[in-house]
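In: no letters, just coordinates:
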C-alpha cells in the first residue's frame, strides 16, 4: 500500500492526524502523486532546492555545539538543542536518562493505520577534536568550495559566506566541523526528510521513532542498559542506522551488519631489571623476542589466524551475501595506490576480507628504539591487539581460544603483573587483559525488510543500492537483536572522504541532499514495500 | 725481580727519579718490605683506611660532571677535570685530540730501569641517564648505606652525609651516580693506587701510561684513529683495562676478551597513513605483525640464531679456555633468583653462553599500547637489535648474513624511508640501518703477561683470580691488537650489581678499596712477575 493509498483508505480524518497534527501537512487531495517513488523524490528535491540554506544553517547550528561524550555539560547542551529541533516539528520528544549515561534524545511520530514501526538511529556525540590539527576550528562550522588538498595534491578550496550566496548552493561544497558527517549531518538529513514530506503533504507509511545516542564514540558503554530499560518504548519492527559513509565510489549502500571487536593488552615478562645485553645476552630470556614469536605464531603474513579453532564458529556467508559481496564495486586498486601499498593481504577483495575475522596488532612496545636504544634486555614487552569478529563468534569464545593458544606456546597466563614467586615458578609469563568487546551482527539479506530497504534506496538514488553484507568496522549492532529482537540495517548518507574521526571532518552537500531524499522515501514507502 | 730488588739494583739515584720526582715518595730504605706482596697490600690498605673520605670525595667530584660522549661541552669539562687530577699528582698529562673525536686524556709515568711498559685504560664518558627513572639525580652523587631494594625485596638504604661520618666508612655503602662504576670509579681507583704506592715509597715496576677514553659508551667511533695517530706515544707491552664488573660471586677476575657488537635499526613499512583496523583489518598488511614474524624467524626461544651461516665463522674455544670457563664459579641460580627468572635460555651456564654469539632485541615500537592504543593499523614498526660477536666473526659478515636473511623472508631492503614508487613496487619493505660495530677480541691465556696478571690479582685479593676467557659484553679491544699489536687484559674492580647502563648506577665501597689494592700491586709487581 502506498502512502497515498493509505491516505485514501483512512480518508481526510486519518490524514488530519497523520499529516496535519503531526506533520502539519495540507489536505489529502494534494498527495495523490506520491504513489510514484520518482515523483515523490522529485517533490522532496524541489523542497530541498527551495530550502538549502535553511537546512545547512540548521546543521551548522547543531555543529557549533561541542559534543564529547565524556563532557556532560556539552552533551546536555546537545540534548536540549535536539529536543528543540524535534519540538519545532511537532514531534513528541523525550530525554531518556539512566544512571551515569549521557542523555539519549527520543522522538516519536505515530502514523494511524501504519502496520510497521521503524526506529531511525543516529548519534549526536563526536570524536575528540584537537583544534591545533584543524584548518578551522572544529566547532566553528565553515563552508568551503571543496575538499582540502591531500598529500596527493588538489587545489585549496575557498571559504563560502552562506549569507552572501545568491541562488542554489554548489553540491560539491562541503561543510567542515567535528561531527558534520559522523553523525550530526544524518540527524539533520532525517529531520529535513520529515520537513520535505510534510511540505509534500505525504505522511510516513510507518510509525517513526527517532533514537539519538550520545556516547557512540565512547563505545556505547550504557547502550544495553538504555535499550533494556526502554524496551517497550523502543519496540519496533526494524532499526535503520543513519551512520557510516557511503561506498567510496559515492554510490549509496545498505549495510547489513558490522564485525564485532574485542581488544587485548598482552604483556610478556623478562628479568625484573634491564640486564646488559652483552653480559647476559644469550642467557637471560628476551621478552621482546618471546613476544615476537608468540605474535608470529598467531597469524600468518596473509592474515590467516593460526589459533586453533579460531574459525570453528565462523558462519559461512550465504549465497545472497556472496553475490552481494561480488557485486560491490572494486575499490582495491585505487586504495592501494592512495596509501602506498604494493598489495593487500592475500591479494583479497576488501569486502571478502572483512567477512572474515581479523587479528590486528595495534601497537608494540619494549625497551627503546632508534637514538634512545640501549644495549639492554627489556624487562617486558607489550602488544596491543584487536580482534574483529564475524557471526557467530563471541568475545568469550575468542578469549578462551587465544588464551589456550598462549598457554599452548608455553606461557603461564596471568591477569596482573606477576609477583616474584610467580616469576620464579614459570619460565614464560604472559599477562592478558581484555576489554569487554562485543560480537558481530549481521541481518539476513533475505528478510522482507532487507529487500524493501534495498529497493527503496535504489528508487531514491536512481540506481541499484550496493548491498554490503557487513562493514569491516564494528558498531554495537548486536544489542538491538539481543535486547530488542529487531533486525537492523545501516543506510549511510555521508561522503566516504569525510575525514571521520580525524581533523577537518566534513560533509559534502550533495550527500546531504541525497540523504534527505533517501530517508524521505524510506519513511514514505517502507510500509508499502514491506508486506 | 721485585720492586724492592729493582730499587736496590738502581740505587737511591734511580729511586729519586722513580719515587720522588714522579711519585714524591720518600727514600729507598723505607721500601724494603714491599718485596712481599702481602706486606705491600697491607701498606696500600693502611693508606686507604686513612684516606677513605678523600678518595670518595675525589670520585664524587668527578661524578658530578655529566658525561655524555655526544655532548662536547660536558666531555671537555671532564677532560679538564681529569688533567687536573693527573697534574695534582705530578703526572705529565696531555689531551689527545683528533678531528671530531672527543678529547682523550693521556698521562705518563716513566720508571727508570723498567723493562716493560703497560697502559692502563679507563673511560670517562657514561651512558645516557634519564633523571626521571633515578632515585636521586644521576649527576648529584649520593652515598647510601646499601643497595636499593629490588623486586626481590630488601630494606631501603639510608642516605649518608659524608661530612658527618666519624671513623671508617662502611665498605658495604655505595656511591650512586651515573658512571660511578662504569667507568669513573676505576679511574679514581687507579690514581688512588698511585697515591698509595707513593705513600708507601714504592715505585711502579713498569713504565705506566694512562689512557682515558671519552666515547666508549658511544661505541668508540674514533678509537682506531686515535690509536693510529699516537702509535708511538702509546707503544706498550700490554694494555690493562680497568672496566667492567667483578664476578657475581664478588671474586676478582682477569678477563681475556670481550664479544664484538654491531647494532641494527630495523623498520618495516605498511600503508602511508594509519588505516582503521575495522575497515581495513585483514586487508591492509600490518607492519608490526610482519616485523614480529621476521624477528621470530631470526632466533629460536633458546637463543640459537637461525640466520643461515651465522655460526660458520665462530672460532671454537681452546682447551685452556674450556677449563677456565668450567672453573668459573656458578652464579646462575643466584642470578636467576635475583632477577626473577625461572630459567635461563638453553638452561646454559653464563660463561658458556657468552662464548657464543647472541642476537638481542633491545626495543620494539609500533602504534600505541595500553590506554593510548587506537583501533588502527600502524604505518610502520621498528625494532632495535644488537648482535654480540665472538672470534672470528666480523660485523661486515654478520650484516651480509642478516640482510640475506631479511631478503630471504621476502623483504626489499632499503637504507632510507621508502618513497611512494618504492612502496608501490615492493609488498614488503625493510629499512636496515647499521652502526659500525666491531669484532670480538680474545687474548691468549697462554701468554706470559696473562699468567703474570692472573697471579698478581690472586696475590692482591688473597685467592686465585677467576680467569674469564671472554666477557659477554663488548669493548673495542680488537683495535689494540689490530693497530698497536699489544695484548690486552681486563682487570675489573666494580661490583657486578652496579646497575651499569641503567638507572641508579652505583659503586660499592669495598670494590673501590679492593680495586686500589689490585691496581697498586699490578703497578708495583708486574715488571717482576713478567720476565
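Out: Thanks, I have the structure now. These numbers come from a predicted model, not from an experiment. Residues are numbered from 1 along each chain as shown, chains lettered A, B, ... in the order given.
In: now residue A:459: closest residue in space that isn't a chain neighbour?
Out: residue A:37 (4.1 Å; C-beta to C-beta, 6 or more residues apart in numbering or on different chains). Placement of C-beta: from N, CA and C, glycine included.
In: what of residue A:428?
Out: Using C-beta to C-beta, 6+ apart and skipping residues adjacent in sequence, the residue nearest residue A:428 is residue A:411, 4.5 Å away.
In: pretty sure that neighbour sits against residue A:429.
Out: Yes. Residue A:411 lies in contact with residue A:429 (C-beta atoms under 8 Å); the separation is 6.4 Å.
In: okay, and the common contacts of these two?
Out: residue A:268 (C-beta atoms under 8 Å, 6 or more residues apart in numbering or on different chains).
In: which residues touch residue A:352?
Out: Contacts for residue A:352 (C-beta under 8 Å, 6+ apart) come out as residue A:325.
In: same check on residue A:189?
Out: By C-beta under 8 Å, 6+ apart, residue A:189 lies in contact with A:242, A:493, A:512, A:515-516, A:519.
In: how close does it get to residue B:445?
Out: Between residue A:189 and residue B:445 the computed distance is 84 Å (C-beta to C-beta, to the nearest Å).
In: what number of residues lie near the residue nearest to residue A:459?
Out: Other residues near residue A:37 number 19, with proximity taken as other C-beta atoms under 10 Å in any protein chain shown.
In: how about residue A:40?
Out: By other C-beta under 10 Å, 27 other residues sit near residue A:40.
In: that one should be in a helix, yeah?
Out: Yes. According to DSSP: H, G, I helix; E, B strand; the rest coil, residue A:40 belongs to a helix.
In: these two touch, right, it and residue A:201?
Out: No. The pair residue A:40 / residue A:201 is not scored as a contact, 10.7 Å apart, by C-beta under 8 Å.
In: thinking again about what came up before, got the phi/psi numbers for the residue nearest to residue A:428?
Out: Backbone torsions of residue A:411, given as degrees, to the nearest 10, read phi -100, psi 140.
In: residues near it, how many?
Out: Neighbour count of residue A:411, defined by other C-beta under 10 Å: 22.
In: before we move on, what about residue A:434?
Out: Neighbours of residue A:434 under the rule other C-beta under 10 Å: 19.
In: tell me the pLDDT of it.
Out: pLDDT recorded at residue A:434 is 98.
In: list the contacts for it?
Out: Counted by C-beta under 8 Å, 6+ apart, residue A:434 has contacts A:262-264, A:395, A:399.
In: what is the nearest of those residues to residue B:138?
Out: Set against residue B:138, the nearest of the contacts of residue A:434 by C-beta to C-beta is residue A:264 (36.6 Å).
In: neighbours around the residue of the stretch 51-200 of chain A found nearest chain B, how many?
Out: Nearest residue of the stretch 51-200 of chain A to chain B: residue A:151, at 7.4 Å (C-beta to the nearest C-beta). For residue A:151, the tally of surrounding residues (other C-beta under 10 Å) stands at 10.
In: residue A:203 reaches residue A:111, doesn't it?
Out: Yes. Applying C-beta under 8 Å as the test, residue A:203 and residue A:111 come out as touching, 5.7 Å apart.
In: got the domain boundaries for chain A?
Out: Here the domain assignment for chain A is A:3-258+A:441-529, A:260-314+A:356-434, based on automatic domain parsing.
In: so the residue in the stretch 201-350 of chain A positioned nearest to chain B is in which element?
Out: As assessed by C-beta to the nearest C-beta, chain B sits closest to residue A:278 within the stretch 201-350 of chain A, at 3.0 Å. Element membership for residue A:278 (DSSP states H and E) is helix A:277-280.
In: pull the residues that contact that helix.
Out: Residues from elsewhere that reach helix A:277-280 (C-beta under 8 Å, 6+ apart): A:271, A:375-377, B:245, B:258-259, B:261, B:350, B:354, B:358, B:360, B:362, B:386, B:388, B:471-474.
In: one more time with 7 Å
Out: Here helix A:277-280 makes contact (C-beta atoms under 7 Å, 6 or more residues apart in numbering or on different chains) with A:375-377, B:259, B:261, B:360, B:362, B:386, B:388, B:471-474.
In: for chain A, which residue occupies the most central location?
Out: Nearest to the geometric centre of chain A sits residue A:244, at 4.3 Å (C-alpha atoms, centre = their mean).
In: OK, contacts around the residue nearest to it when sequence neighbours are not counted?
Out: Leaving out its chain neighbours, the residue that sits closest to residue A:244 by C-beta to C-beta, 6+ apart is residue A:492, at 4.2 Å. By C-beta under 7 Å, 6+ apart, the residues touching residue A:492 are A:243-246, A:253, A:255.
In: distance check, residue A:492 against chain B.
Out: Residue A:492 sits 13 Å away from chain B, taking C-beta to the nearest C-beta, to the nearest Å as the criterion.
In: can you tell me the helix or strand for that residue?
Out: In the assignment (DSSP H and E), residue A:492 maps to no helix and no strand.
In: do the same with residue A:139
Out: Applying DSSP H and E, one finds residue A:139 in no helix or strand.
In: pretty sure it is touching residue A:180, no?
Out: No. At 10.8 Å, residue A:139 does not count as touching residue A:180 under the criterion of C-beta atoms under 7 Å.
In: touching both of these two, which residues are there?
Out: Listed as contacting both residue A:139 and residue A:180 by C-beta under 7 Å, 6+ apart are residue A:63.
In: who's more crowded, these two?
Out: Of the pair residue A:139 and residue A:180, residue A:180 is the one with more neighbours under other C-beta under 10 Å, namely 31 against 18.
In: so what's the more buried one closest to, chain neighbours aside?
Out: Among residues not flanking residue A:180 along the chain, residue A:507 sits closest, at 4.1 Å (C-beta to C-beta, 6+ apart).
In: check residue A:341 too.
Out: residue B:271 (5.4 Å).
In: now do the SS call for the one you found.
Out: Using three-state DSSP as the criterion, the local structure at residue B:271 reads coil.
In: that one: what's it in contact with?
Out: A:339-341, B:284, B:377, B:379.
In: just give me how far the helix holding residue A:278 sits from the chain centre.
Out: Centroid separation between helix A:277-280 and its chain, computed with C-alpha atoms, centre = their mean, to the nearest Å, is 50 Å.
In: which residues belonging to that helix are considered buried?
Out: Residues of helix A:277-280 classed as buried: A:277-280 (neighbour count, 16 or more other C-beta atoms under 10 Å in any protein chain shown).
In: stretch A:240-251 too?
Out: Residues of stretch A:240-251 classed as buried: A:240-248, A:251 (neighbour count, 16+ other C-beta under 10 Å).
In: for the residue nearest to residue A:180, grab phi and psi.
Out: The phi/psi pair for residue A:507 (degrees, to the nearest 10) is phi -130, psi 130.
In: I'd guessed it sits against residue A:186; true?
Out: No. With contact defined as C-beta under 7 Å, residue A:507 and residue A:186 do not form a contacting pair (9.2 Å).
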